[in-house]
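A.B. asks: Following is a predicted model, sequence given first.
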Amino acid sequence: MSQPWDYIAKIVSLGDSGSGKSSLTIRLCEGRFTPHHDVTIGVEFGSRIVSVGPPASKSLHINDPSSTSRSKASKPHNASPNGDSQQQSELPQKHMKLSLWDTAGQETYKSITRSYFRGASGALLVFDITRHSTFSSVTSWLHDLRQIAEEGIVVVLVGNKLDLATSSTVTSHTSTNGASSLERPNQRQVTREEAEEWCRANGVLQYVETSAKSGEGVERAFLEVAERIYQNIEAGKYDLNDRRSGVKGPNAGSGSANNASRTINLGLKDGTEKGSRGGCC
């Protein structure tokens, strides 16, 4: 029986404790949110198989290197207007198994978690948009990652807890007056513009805002990393036989982690995929 994936990529999540790294992994793996999660000690693991490259990447508009004007300029005059899309639709869909390493954010475990950065091809650098202190720490986390991980690791900055970043009306009940409405304030402390500027200044490819609670943006964050890793594979930037590259090809040996995974072809409907806990998170 053929394997359901073409590549395996090691992806680490890092950032301050309480920023929601474990909740993001659980949301991706199981499509659910756990309001109370034990502090991660060392590292926790998960795995999922996602679609990468065309035609999936084109429909999701993730890491699309071509723009309308660019494609028009490079297209021969006698080319069919539907030629590119038809050719991409005929390509076999590639799949990548994401080996997810959710690392502890507490200073106590830093000496342990740093070692797990080795051999990673991608990373989610996570902070809590309602706590500016966690955003202030991402520069230090990025420095640690780039010191230990292989050169050229794909990094996406993730601002989590988006559900707390908008004003909303909360209904409360009193024994005498019945229901009353209270306005819950916007708790955002880090703006999108501030985070995007940080990405430009530090050479980080993308910024994505997420809510592990609602599922918004979660799949997008992981797919941004996966798609860029796939683009690097296509460009020949990895030695698929060298474990230090963080990427394995289809001839990689199977193990217990491989047997524990469940295939999900992710789209943009965040948090809709449900499943048993299994060997995921």
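C.D. replies: On my side now, so go ahead. Numbering: from 1, shown residues only.
A.B. asks: What count of nearby residues applies to Lys213?
C.D. replies: Lys213: 19 surrounding residues under other Cβ atoms under 10 Å. All C-beta atoms are positioned from the backbone trio N, CA, C, and that covers glycine.
A.B. asks: what packs against the helix or strand containing Thr139?
C.D. replies: Taking DSSP states H and E as the definition, Thr139 sits inside helix 138-148. Here helix 138-148 touches strand 7-14, strand 122-128, strand 154-160, helix 192-202, going by 3 or more Cβ pairs under 8 Å, 6 or more residues apart in numbering; DSSP states H and E.
A.B. asks: can you state the direction angle for the longest one and helix 138-148?
C.D. replies: I take that to be helix 192-202. 30 degrees (axes from the mean of the first three to the mean of the last three Cα atoms, to 10 degrees).
A.B. asks: The helix or strand just after helix 192-202 packs against which elements?
C.D. replies: Later in the chain than helix 192-202, the nearest helix or strand by DSSP H and E is strand 206-209. With contacts defined as 3+ Cβ pairs under 8 Å, 6+ apart, the packing partners of strand 206-209 are strand 154-160, helix 192-202, helix 218-234.
A.B. asks: on that earlier part again, now the helices and strands packed on helix 138-148 in CSV, with distance to Arg27 and mean neighbour count?
C.D. replies: Shown next, in CSV, are those (distance: least, Cβ to Cβ, whole Å; neighbours: other Cβ atoms under 10 Å):
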stretch, distance to Arg27, mean neighbour count
strand 7-14, 12, 26
strand 122-128, 12, 26
strand 154-160, 10, 27
helix 192-202, 20, 14
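A.B. asks: okay, those in JSON lines with mean pLDDT and distance to Thr134 next?
C.D. replies: Shown next, in JSON lines, are those (pLDDT from 0 to 100; distance: least, Cβ to Cβ, whole Å):
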{"stretch": "strand 7-14", "mean pLDDT": "94", "distance to Thr134": "12"}
{"stretch": "strand 122-128", "mean pLDDT": "97", "distance to Thr134": "4"}
{"stretch": "strand 154-160", "mean pLDDT": "98", "distance to Thr134": "9"}
{"stretch": "helix 192-202", "mean pLDDT": "98", "distance to Thr134": "11"}
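A.B. asks: quick one on the thing from earlier: nearest to Glu44, of the helices and strands packed on strand 206-209?
C.D. replies: helix 218-234 (15.4 Å; Cβ to Cβ).
A.B. asks: Check which helices and strands the following helix or strand past that closest one sits against.
C.D. replies: Downstream of helix 218-234, the first helix or strand assigned by DSSP H and E is strand 247-248. The contact analysis (3+ Cβ pairs under 8 Å, 6+ apart) places strand 247-248 against strand 7-14, helix 218-234.
A.B. asks: 10 Å instead, please
C.D. replies: On a contact count with 3 or more Cβ pairs under 10 Å, 6 or more residues apart in numbering; DSSP states H and E, strand 247-248 meets strand 7-14, strand 94-103, helix 218-234.
A.B. asks: Arg188 is nearest to which of those?
C.D. replies: Of all those, it is helix 218-234 that lies closest to Arg188, at 17.8 Å by Cβ to Cβ.
A.B. asks: Show the average pLDDT along the closest one.
C.D. replies: Throughout helix 218-234, pLDDT has a mean value of 95.
A.B. asks: So which residues make contact with the helix holding Thr139?
C.D. replies: Helix 138-148 is contacted from outside by 12, 14-16, 19, 103, 105, 110, 113-120, 123, 125-127, 134, 152-153, 155, 157-159, 190, 195, 198-199, 201-204, using Cβ atoms under 10 Å, 6 or more residues apart in numbering.
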